[in-house]
Every structure is written in structure tokens, then in C-alpha cells.
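*Asks:* predicted coordinates and the sequence they were generated for:
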Amino acid sequence: MFGRKKGAGVLQKGPAGRRFREYLLGYTLLAPALVLLAVFEFFPLFYGLYISLCNWRLGCAEFVGAENYVRAFRDPQMWQALLITATYSLMSVPVQLGLGLFFAYLLFQKVRGRELFRLVFFLPYVTSTVASAAVWSYLYNPDRGLINTVLGVLGLPQPRWLAEPTGVFALMARAFGVELPAWAHGPSLALVAVFVYTTWVFVGYDVTVFLAGLGNIPTELYDAARVDGAGSWALFRHITVPLLSPTTFFLSIITVIGTFKAFNHIYVMTMGGPGTATTTASIYIFRQLYEFNRYGYSAALSFVLFSAILVLTILQNRFAGRRVVYE
Amino acid sequence: MSKPLELPISRPAEVRQLLPRPPGVRLAVYLILVAGALVSVLPFAYMVTSSLKSYGSVITNNLWPWWPFGNEPLQWQNYIEAIQHTGWDRQWGTWLMIRYFANSLIVSGIIVAGVLVTSVLAAYALAQLELPGREFIFLFILATLMVPGELVLVPKVVMMFNFGWYNTYLALTVPFTVSVFGIFLLRQHFLQVPRELFDAARIDGAGHLQYLLWVLLPLSRPALVVIAVLNFIWAWDAFQWPLLVTRDPSMRVLAVGLQQFMVGEGGVNSHLLMAFATMMVAPIIVLYFVAQRAFTEGFLSTGIKR
């Protein structure tokens, strides 16, 4: 292999032979990457489609056509998983982006130790998700966790966090002796606790991206607006927010996709429980695969989940994308 | 040579004041920032301190059981106990925890090396060689970025069984030894190197391989570091895939080992679990502070945590 590459550099061959050798070298160099991508990214796409059309037991035991898809659409647990995923997404986007922009804006002022703050904010994002999720599930422990111990010392109620499948609105209303109807229960406290952890992980990333975005806004715009008598709120509202909109848009898409992919931390903290309170779509697919070995069905579910993400992203592009201002 | 991934974050020239600030506001800004930083760090502080406490102090949330507030010594033996607690790996004749650590190092190491090799070779062909269909090949490579990982998870697991790779290092490493991001980043770097350098090397008698090894690669060190660091982190953090394609405890990586430790113990050994988690996180945190610029650039330019 090495001899051939060296040979391609030798000049005394004729032009046609030299070109041929260069082609050979080029395709040889590309081969490992192309083969790996074709085998592990491109081919599985079609293979997955095929599996989803089968009753799969070590191989396609029976070609069942769209049966797995029909079953998926009739599966109430699938719809519930999608609903939980959407709720998780809907909570995450505004809070993560809001906090991220807030801290980025503060850091963008003349702040001493800005780089150190940014490094520290970024820390939860770079460390192992499995380890930090394990630590958080101990912090959340209803009986011995640090959070509930502190709440107890302060004389506040001690909720059961990750172990609480009841909706947060229902819990709040119950504290005042009111029983809400089932539709108004809101997301389960377990899901909210997972969401708090996710926010802790991702805010640092959003801060970093927002800081890069803020740095790209030309200073002259602020100076000009200030000369025209704009106050700091007006500067923020009419210059920062619109000119930052491509960054915000990018982050909102990344966050939605991220919540739909979310698996590791949820599995470590709750394994989808209690009951099905935190069984998001990706957890549901995993359990069908890992616990029940339903290959055909979980492949079909993956395609359904992906279609949901695709539709959401297109909708986001349609509605939010229109409001993005490009310089 | 200009760096393609220069960020405005740490350029002092970009720092400017947007708000007119009385001292009170200034103080408030710092207080909020410090509070945010504390929230970011506290879970890690809890993890490290708990790993050095006795079990009793952990579950009673005694925040500082050591001198001067308490009389407990630092419980370094928690680390040894955590290692022993994972059990014995007969295959290698060592504690399982050591095996998990070795597995994580082996897997991450192979993935990083593989990604670097395949990316460098492919990027060189794409940037330096005149090939028929080169643009098409590049587009094909970029197009695979659009394939979502969840969509190919099930077929990939089935393929591991078909290949006979289930429960082996091959399954843990080979599918991840290629990185579109790596190819893309290196191609950009290579394209920015002036063509004259290549001609000069040619005149000195260097072939493509020598030029790549002795001229291009030393010039591309920053990009190589970014690719290596990112892929190391991803590999170290991988959890779902190793869970799916391995069965034996001796094939577990740290992430799977930690989760199994947690599930198996039902929370009765929280001080040991914290020691385990600390051992898993420590290499990443060290790497982060050593190569933090590579981290920021890498994560910013890829967008998604895998």
C-alpha cells in the first residue's frame, strides 16, 4: 500500500500513467472513509426500512408489509411517548434559550473573568452525561437527597422529584387543597426534574453560542442607535434580538432535535419511569428493542419518530424561520 | 495561515459595554454570574466530597464531616472499595472496574486513532488530488450527515449480530472510526495551505505521502487536536450503543459499568458510587482544562452533542 503511494509521486512516468496513478492513490485514500460511511450510515437506512417491514427473528421471518407501522399508529403508548417528548421539548426550548441568552448578555458586558465564567458554565456540558445524571439522581433522592434535606431544613414541602408521576399543576393545586381535572395536571414532576437537569447541562452550550453570536453584531449599530437616543432596553430589543435571530433559530432547532434524541440521562435517572412518566419516544424505542427484542417494531417506531422530528423542523423553519433577520 | 474556526469569545477587542452601569447594577451582575457558576459546579463538588465521606455522612447530608467541623478522616479507601465492589473479571484476572476503565481507554483510543487516520486520508484526496467525481464524493460524504443516528440504530445493532461482532471490541469501535466532521474540517485546513508548498516539496523529491506527513500534518495540528478531543469525549460518554451491543460485564465500558453499579446497588452505596463517578469524570475534566480551546471550537462547529 505504501509503495503504491510513493510510486504516485515519481515523475518519470508518462502523463497518462501518472494521472492514472494519482487516481488510484486518490480512491485508495478515500476508500476507508467511504466504505465505513456506506456500511454504517448509508446502507442501514435501507436495511432499517426493510427490517421495519418484517417480523424479524434473527432474520426476516415473515414479510409483513406495513403491519408494524399500522401497529405503531394504533399503539397508545407510542402516542403518549410522543406527547411526553413534545412536552419535554416545549419546556426546554424557551427556558434553555432564555437562560442562555440572559447569561451570555451579562457576560458580554465588561465583566472581569469572563472566560473563566464561560469555562465553568460549559463544564456540565462537556463532562460525561451518565456520571452527572447519576449524581443528580442522588441529589433528587426523595428521602436522603441533598435537595430535599435542604428543603426540609427550610421547612418547605419535600416532593418526590424523579419518583413522582403526578403532574406539577396537580401537585401545586393539591397543596392548596384543590383537585384538578386530569387534563390540567400538566407535565409530571419526574419529567420536570429531568428537564431541570437537562437545562443545567445545556445552558453553558447556549451561552457559548450566544456569545459568539453577540460578538458578530457590528458595534457601529449600537453607537448609531445610542446617538439617536436609544436606551439600553431599546438597544436590546431592536438591535440585539433581531440580529441575534439566526443564532436563536439555530439553537432552537438544535434543542428540539436534542430533546427528541435524548436518551442517556433519562435512562440513567428514571429508566422511563415511574410508570411511563418519563418514557420519551427514544426511551420507548429502546425498550422495545432491548427488553422485548422487537426489531421490526422498533425499526418502524424509529421511522415514525424521525418523521415527527422532520415535520416539527419543517414547521419551525416555516414559522420561526420567517422571523429570522439576516444581515 | 488563518484559522477557520476563530471565535469572537476571547478577543478582548470585542469586549464592550452595552449598559450604562451604576455600581449597584455591576454588583448584581457579578452576583448573578457567581450564582450561575456555583450551580454549574455544585453537583461536581457534591460528587467529589461525597466520594471522600463515610456512607453515614453521605446519607445524612453532613456537608463537611472533616476537620475542623467534624472528626472524620478523608475516606480515600472509598475508591479502593468502589473498585473492589464491582467484582472480579476472571478473563483478565483483575477487578471489573479496572477492566471498565481499560475498555473505555481502548475503545476511545481506537476510535480517535481510526477517525484521525480515515479523516486525514480522505481529506487529503479531496483537497489535493484531481479526481473524477471528487465533488460528487464530497457531497455524498456530507449527505451522510443528514442520516439521523436514531434511524439507523436498530439496523446497526442487527448488523453487529450478522457480522458476528456482538459483544466484541469491533462492535464498540469500528462503526465510529469515521467522522464526516473530521473529514470536512481537515479538508478546509488542507485547502488553505498554499499550493506552492506542494510544488516546493515535489521539487525536493517528496511524494504525496511525504508531503502529507511532513508538511501538511504539522501545519494542521490545531484541527487534529479538535477532532481528537471531540471524538474522545463522545467515545468516553457513549452509553446507549455499548449497552445494546455488549452482554458480558467484562465488555462493559465505564458508562455502562456506572449505570449497572447504580441499578445493582439500589442506592445503598452512594459514597462508593460517587467515587466511581469521580474516577469516570476526572480524565475528562483534566482534558477540558488542558485543551479547553479545542473543546469550545469543536463543540461550536459541530453543533450537536452526539
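*Replies:* It's in.
*Asks:* alpha carbons only for contacts and neighbour counts from here, please
*Replies:* Fine.
*Asks:* element containing the residue of the stretch 1-150 of chain B found nearest chain A, please.
*Replies:* The nearest approach of the stretch 1-150 of chain B to chain A comes at B:Ala122, 4.4 Å away (Cα to the nearest Cα). If you go by DSSP states H and E, B:Ala122 is part of helix B:96-128.
*Asks:* what does the pLDDT read for the residue of chain B found nearest chain A?
*Replies:* Residue nearest to chain A within chain B: B:Gly207 (4.0 Å; Cα to the nearest Cα). On pLDDT, B:Gly207 comes in at 88.
*Asks:* write out the residues of the stretch 201-306 of chain B neighbouring chain A.
*Replies:* The stretch 201-306 of chain B comes close to chain A at residues B:202, B:206-209, B:233, B:236-237, B:239-240, B:244, B:255, B:258-259, B:262, B:270, B:274, B:277-278, B:280-281, B:284-285, B:288, B:292, B:296, B:300, B:303-305, as judged by Cα under 8 Å from any Cα of the partner chain.
*Asks:* ok, residue 166 - contacts?
*Replies:* Defaulting to chain A. If a contact means Cα atoms under 8 Å, 6 or more residues apart in numbering or on different chains, then A:Thr166 has A:His185, A:Pro187, A:Ser188, A:Leu189, A:Ala190 as its contacts.
*Asks:* sorry, I should have been clearer: chain B.
*Replies:* Contacts of B:Tyr166 by Cα under 8 Å, 6+ apart are B:Met160, B:Val245, B:Thr246.
*Asks:* how near is the second one to B:Phe163?
*Replies:* Read that as B:Val245. 12 Å (Cα to Cα, to the nearest Å).
*Asks:* go on, the last one?
*Replies:* B:Thr246 is 14 Å from B:Phe163, where distance means Cα to Cα.
*Asks:* and what of B:His189?
*Replies:* B:His189 is 36 Å from B:Phe163, by Cα to Cα.
*Asks:* okay, those two: which has more neighbours?
*Replies:* B:His189 (25 against 10; other Cα atoms under 10 Å in any protein chain shown).
*Asks:* so what's the residue count around the closest residue to that one other than its chain neighbours?
*Replies:* Ranked by Cα to Cα, 6 or more residues apart in numbering or on different chains and with sequence neighbours excluded, the top spatial neighbour of B:His189 is B:Ser220, at 6.5 Å. B:Ser220: 18 surrounding residues under other Cα under 10 Å.
*Asks:* do A:Gly275 as well
*Replies:* A:Gly275 - counted by other Cα under 10 Å - has 12 other residues nearby.
*Asks:* equivalent analysis for the one 3 residues further on, please.
*Replies:* A total of 30 residues lie near A:Thr278 under the criterion other Cα under 10 Å.
*Asks:* cool, B:Glu196 as well?
*Replies:* 9.
*Asks:* which SSE is it in?
*Replies:* B:Glu196 belongs to helix B:195-203, assigned by DSSP H and E.
*Asks:* buried residues in that helix?
*Replies:* B:Phe198, B:Ala201, B:Arg202 (16 or more other Cα atoms under 10 Å in any protein chain shown).
*Asks:* do the same with stretch A:245-265
*Replies:* Buried-residue list, stretch A:245-265, by 16+ other Cα under 10 Å: A:245-249, A:251-265.
*Asks:* could you do stretch B:83-101 as well?
*Replies:* Buried residues in stretch B:83-101 (16+ other Cα under 10 Å): B:Ile83, B:His85, B:Thr86, B:Trp88, B:Asp89, B:Trp95, B:Leu96, B:Met97, B:Ile98, B:Arg99, B:Tyr100, B:Phe101.
*Asks:* how about the residues you listed in CSV, adding pLDDT and distance to chain A?
*Replies:* CSV is the format used below for the buried residues of stretch B:83-101 (pLDDT from 0 to 100; distance: Cα to the nearest Cα, whole Å):
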residue, pLDDT, distance to chain A
B:Ile83, 91, 16
B:His85, 88, 17
B:Thr86, 87, 16
B:Trp88, 92, 22
B:Asp89, 91, 22
B:Trp95, 94, 20
B:Leu96, 93, 17
B:Met97, 93, 15
B:Ile98, 95, 17
B:Arg99, 96, 18
B:Tyr100, 96, 14
B:Phe101, 95, 14
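*Asks:* what's the most distant pair in those?
*Replies:* B:His85 and B:Phe101 (14.5 Å; Cα to Cα).
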